[in-house]
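>>> What would the 3D arrangement of this be:
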Amino acid sequence: MQLGSEVEFIVWRVAEVAYGDLLCGVLKQALQEFRREPGLDDLTRIYPTSVGRDSFEALASVLGKEEIGRLQNNSCHLEVRYRLRWHIVRYLQQRLINDGYAPAAIIDDFFSTDLGL
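Below you'll find the predicted structure:
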């Protein structure tokens, strides 16, 4: 999966619908499982238009409490390190698949990424 792709957008939108008010809790679990490796990786920007307004607000809330990401330009975007963003999206994909909410596009992308395709 390529971050910023249509598949990432679908993952966020499906998670938003599937988990609703519980999305903050799901994202918090994803952050608790994240293990930062030494070194720096690129910053990525997450915009409300790329993940959906409710997902953006949930992510901003969780990242703010954990002090991991940075909210920039009056809530215009979040800055998150590449590996953290990758982990969050992959966690959401796996969670959606396990909980039976994932459409075929998410399932196909998840397994093709695992296979290196």
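
>>> what's the strand or helix carrying residue 31 packed up against?
Of the helices and strands defined by DSSP states H and E, residue 31 is found in helix 23-33. In terms of contacts (3 or more Cβ pairs under 8 Å, 6 or more residues apart in numbering; DSSP states H and E), helix 23-33 is packed against helix 6-19, helix 53-66, helix 82-98. For every residue, glycine as well, the C-beta is placed using N, CA and C.

>>> As TSV, those helices with mean neighbour count would be great.
Compiled in TSV, the helices and strands packed on helix 23-33 are given as follows (neighbours: other Cβ atoms under 10 Å):
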stretch	mean neighbour count
helix 6-19	19
helix 53-66	18
helix 82-98	19
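
>>> Quick one, which of those helices gets closest to residue 75.
For residue 75, the closest of those is helix 53-66, at 7.1 Å, according to Cβ to Cβ.

>>> what's that closest one in contact with?
Helix 53-66 is contacted from outside by 12-13, 15-16, 23-24, 27-28, 31, 46-48, 51, 69, 71, 75, 78, 80, 88, using Cβ atoms under 8 Å, 6 or more residues apart in numbering.

>>> Per-residue pLDDT of the nearest residue to residue 30 once chain neighbours are set aside, please?
Closest residue in space to residue 30, ignoring its immediate chain neighbours: residue 91 at 3.9 Å, by Cβ to Cβ, 6 or more residues apart in numbering. Residue 91 carries a pLDDT value of 97.

>>> Roughly how far does residue 91 sit from residue 76?
25 Å (Cβ to Cβ, to the nearest Å).

>>> and if you look at residue 109?
Applying Cβ to Cβ to residue 109 and residue 76 gives a distance of 28 Å.

>>> can you check residue 37 too?
29 Å.
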